[in-house]
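Student: pasted the sequence and its predicted model underneath.
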Amino acid sequence: MLKLLSITSLLASLALVGCNPQSTTNAASSTASAPVASSSGSAKGDFGPPQGEPIKAVLTSPPHVPPATGRKAPAKVIVELEVREVEMEISEGVKYTFWTFGGTVPGSFIRVRQGDTVEFHLKNHPDSKMPHNIDLHGVTGPGGGAASSFTAPGHESQFTFKALNAGLYVYHCATAPVGMHVANGMYGLILIEPPEGLTPVDHEYYVMQGDFYTTGKYREKGLQPFDMQKAIDERPTYVLFNGSESALIGDKALKAKVGQNVRLYVGNGGPNLVSSFHVIGEIFDRVLFEGGSKSQENVQTTLVPAGGAAIAEFHTEVPGTYVIVDHSLFRAFNKGALGMMKVEGPENKAIYSGKEVDSTYLGDKSADLSSVATASKASAGGTLTKDMQIKAGGALFAGTCSVCHQANGEGLAGVFPPLAKSDFLSKDPTKAIAVVLNGLSGAVKVNGKDYNSVMPPMSQLTDDEVANILTYVTNSWGNTGAQISQAQVAKVRAGTPRPQGAAH
Ligand SMILES: [Cu+2]
């Protein structure tokens, strides 16, 4: 902590040295001569001592948000937050040991009013292995509470602060190594309502992005440990909303009806990446950017810095699935930064002609991937059957291959060759492994017809994913029925020289 502070002050003095001397003196003298009035700066949020009985804060798990405080006077608010280290699913069939504020990633949502006096209790569950603390960006004071809240397993600490500035603030653990505590999921949001409150809306939701670093590759099954080197290199395996690939997918999608107002409290825990937050098919009518008090209108994509937040509001006009992404798109489609909002209600053809186009953006996110996890588990336990492989492969094929080769395997005349009864495939099914891993280009003849196009490499797929997809393909649409194993795929992968960066 001390070390951190001294680095910060060193940086600050370096910055001053860099300034032109004239402006430095001016800045220094003006701060020195102007007395700090209670009506200026942060102190403007001090509305005097708390009134009435202390209130226990309602905390909610994502994607839910506590109700508006509805108060007109400052109160004493008691917040009790418990740190728990829990194993949870980060992706279908993939477990991760998260460190959490309140048992969820992101941590419990806290809502108070500007001028409130907050008595903060941080508990660390006795089963925890690590000490933790909390730095709330909404706190005025050293370390944002971190200095007063270092808490060993089985202990509790307490500090009090006055919420002087209104806004949406990130909180996070600041125990060394800080980056690791944050990467494990230790962040959340605290809303400090302005005194007049926020305009009522039909739905408020809590969505927070974070980047995660596992030793295994994306979607590699089993319990995955944290990878410190990947974190230092800023090469996340997952970029997620609300701590899991499926947090806002399918049944868990955010919901609204046509004609409603929706407010999203968007946070970014980082630890490394900045989010280009976007809802496909919506335009934010209003964004309180950076979680502050100023708003911008008609926004397509809003930047949410690591350790920052934004409040995004929009009105729903037409029904359908709206896909929530980090518009740094490889994160959305290859690292999990994708969620959904389902809007129900009558069509409005004057605004949009209708028809869902889910598959364009959703890929395998719209499929049920539980068969993939089942097959993977069986494979690890040595009980994998061909049937399990076919089921898992079918789910993956829908999201990975069907855009080109079509769901029925017929392809598209002159562009995408058929996989159904393909003589290329039936001659030697193992040749298809190399096609999937390395792609295919140049002239090929399939069932007597010429193709001269490009199939991109799909080396991002894991060995068992490729094995299952190909087993599905060879056992569908009247194909010959071969079974491809994970070991066969691994062998082809290892035996294929690939330029640096293309390989896995
Ligand atoms: Cu921690």
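Tutor: Right, received. Where do you want to start?
Student: beyond the host helix or strand of Thr160, next helix or strand please.
Tutor: Thr160 is located in strand 156-162, with elements delineated by DSSP states H and E. Following the chain from strand 156-162 toward its C-terminal end, the next helix or strand by DSSP H and E is strand 167-172.
Student: which strands or helices does the strand holding Thr160 pack on?
Tutor: strand 117-124 (3 or more C-beta pairs under 8 Å, 6 or more residues apart in numbering; DSSP states H and E). Using the backbone N, CA and C atoms, a C-beta is placed for each residue, glycine as well.
Student: can you rerun that using 10 Å?
Tutor: strand 76-91, strand 117-124 (3 or more C-beta pairs under 10 Å, 6 or more residues apart in numbering; DSSP states H and E).
Student: in TSV, list these along with mean neighbour count.
Tutor: Shown next, in TSV, are the helices and strands packed on strand 156-162 (neighbours: other C-beta atoms under 10 Å):
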stretch	mean neighbour count
strand 76-91	19
strand 117-124	21
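Student: nearest to Thr474, of those?
Tutor: Across the helices and strands packed on strand 156-162, Thr474 has its closest neighbour in strand 76-91 (26.6 Å, C-beta to C-beta).
Student: would you mind getting the angle between the closest one and strand 167-172?
Tutor: 60 degrees (axes from the mean of the first three to the mean of the last three C-alpha atoms, to 10 degrees).
Student: now do the helix or strand that strand 76-91 is followed by against strand 76-91, angle only.
Tutor: Helices and strands here follow DSSP H and E; after strand 76-91, the next one along the chain is strand 94-101. Here strand 94-101 runs at 170 degrees with respect to strand 76-91, directions being taken by the same axes, to 10 degrees.
Student: to the chain's geometric centre, what's the distance from strand 94-101?
Tutor: Put simply, strand 94-101 sits 14 Å off its chain's centre (C-alpha atoms, centre = their mean, to the nearest Å).
Student: tell me the helices and strands packed up against that strand.
Tutor: Applying 3+ C-beta pairs under 10 Å, 6+ apart, one finds that strand 94-101 makes contact with strand 76-91, helix 178-183, strand 187-193, strand 203-212, strand 222-223.
Student: list the contacts of Thr69.
Tutor: Thr69 is in contact with 55, 57-58, 75, 77, 111-114, 116, 191-193, 197, counting by C-beta atoms under 10 Å, 6 or more residues apart in numbering.
Student: any idea how far the ion is from it?
Tutor: Here Thr69 is placed at a distance of 28 Å from the ion (C-beta to the ion, to the nearest Å).
Student: with Val279 instead?
Tutor: When C-beta to the ion is applied, the distance between Val279 and the ion equals 31 Å.
Student: who does that residue form a beta bridge with?
Tutor: Legend: beta-bridge partners of Val279 under DSSP bridges are Ile324.
Student: first vs last residue of stretch 396-416, how far apart are they?
Tutor: 18 Å (C-alpha to C-alpha, to the nearest Å).
Student: pull the host helix or strand of Val239 out as PDB, backbone CA atoms only.
Tutor: Val239 is part of strand 238-241, with elements assigned from DSSP H and E. Extracted C-alpha coordinates of strand 238-241, given in PDB (Å, rounded to 0.1, in the frame of the first residue of the first chain):
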ATOM      1  CA  TYR A 238     -12.300 -14.900 -21.600                       C
ATOM      2  CA  VAL A 239     -13.900 -11.500 -21.700                       C
ATOM      3  CA  LEU A 240     -17.300 -11.700 -20.000                       C
ATOM      4  CA  PHE A 241     -20.400  -9.900 -18.900                       C
END
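Student: give me the angle between the strand holding Thr160 and strand 117-124.
Tutor: In this structure, strand 156-162 runs at an angle of 160 degrees to strand 117-124, with the same axes, to 10 degrees as the basis.
Student: what are the pairing partners of strand 156-162, and which direction each?
Tutor: Applying DSSP bridges, strand 156-162 is found paired with strand 117-124 (antiparallel).
Student: surely Ser246 touches Arg219?
Tutor: No - under the criterion of C-beta atoms under 10 Å, Ser246 is not in contact with Arg219, lying 11.8 Å apart.
Student: list residues touching both of those two?
Tutor: Jointly contacting Ser246 and Arg219 under the rule C-beta under 10 Å, 6+ apart are 90-92, 336, 369.
Student: neighbour-wise, which of Ser246 and Arg219 wins?
Tutor: Looking at Ser246 and Arg219 with other C-beta atoms under 10 Å, you find the greater number of neighbours at Arg219, namely 28 against 19.
Student: skipping adjacent residues, who's closest to that one in space?
Tutor: Ser91 (5.5 Å; C-beta to C-beta, 6 or more residues apart in numbering).
Student: packing partners of whichever strand or helix holds Ala432?
Tutor: Following DSSP H and E, one finds Ala432 within helix 431-438. Judged by 3+ C-beta pairs under 10 Å, 6+ apart, helix 431-438 is in contact with helix 423-427, strand 440-446, strand 449-455, helix 463-474, helix 486-494.
Student: buried ones in it?
Tutor: Neighbour counts over helix 431-438 (16 or more other C-beta atoms under 10 Å) mark 432-438 as buried.
Student: looking at pLDDT only, which of the residues you listed scores worst?
Tutor: In terms of pLDDT, the weakest of those is Asn438, which scores 89.
Student: who's in contact with that one?
Tutor: Under the criterion of C-beta under 10 Å, 6+ apart, the neighbours of Asn438 are 455-459, 492-493, 496-498, 502.
Student: same deal with Gly93?
Tutor: Under the criterion of C-beta under 10 Å, 6+ apart, the contact partners of Gly93 comprise 219-222, 369-370, 372-377, 380, 392.
Student: so what's it closest to, chain neighbours aside?
Tutor: The spatially closest residue to Gly93, leaving aside those adjacent along the chain, is Ala373, at 2.9 Å (C-beta to C-beta, 6+ apart).
Student: from what I see, the one you found and Ser91 are in contact.
Tutor: Yes - with contact taken as C-beta under 10 Å, Ala373 and Ser91 are classed as touching, separated by 8.9 Å.
Student: shared neighbours of those two, which are they?
Tutor: Contacts common to Ala373 and Ser91, judged by C-beta under 10 Å, 6+ apart, are 219, 221.
Student: wait, which of the helices and strands packed on strand 94-101 is closest to Ile283?
Tutor: Comparing the helices and strands packed on strand 94-101 by C-beta to C-beta, strand 203-212 comes nearest, at 17.1 Å.
Student: quick one: strands adjacent to the closest one?
Tutor: strand 238-241 (antiparallel), strand 261-270 (parallel).
Student: can you tell me which of those strands is most buried?
Tutor: The highest average neighbour count among those, using mean count of other C-beta atoms under 10 Å, belongs to strand 238-241 at a mean of 26.
Student: name the helices or strands packed onto the next helix-or-strand element following it?
Tutor: Next in sequence after strand 238-241, counting helices and strands by DSSP H and E, comes strand 254-257. Under the contact definition 3+ C-beta pairs under 10 Å, 6+ apart, strand 254-257 sits against strand 203-212, strand 261-270, strand 320-326, strand 338-344.
Student: tell me which of those approaches Glu156 most closely.
Tutor: Comparing the helices and strands packed on strand 254-257 by their distance to Glu156 (C-beta to C-beta), the top pick is strand 261-270, with 23.6 Å.
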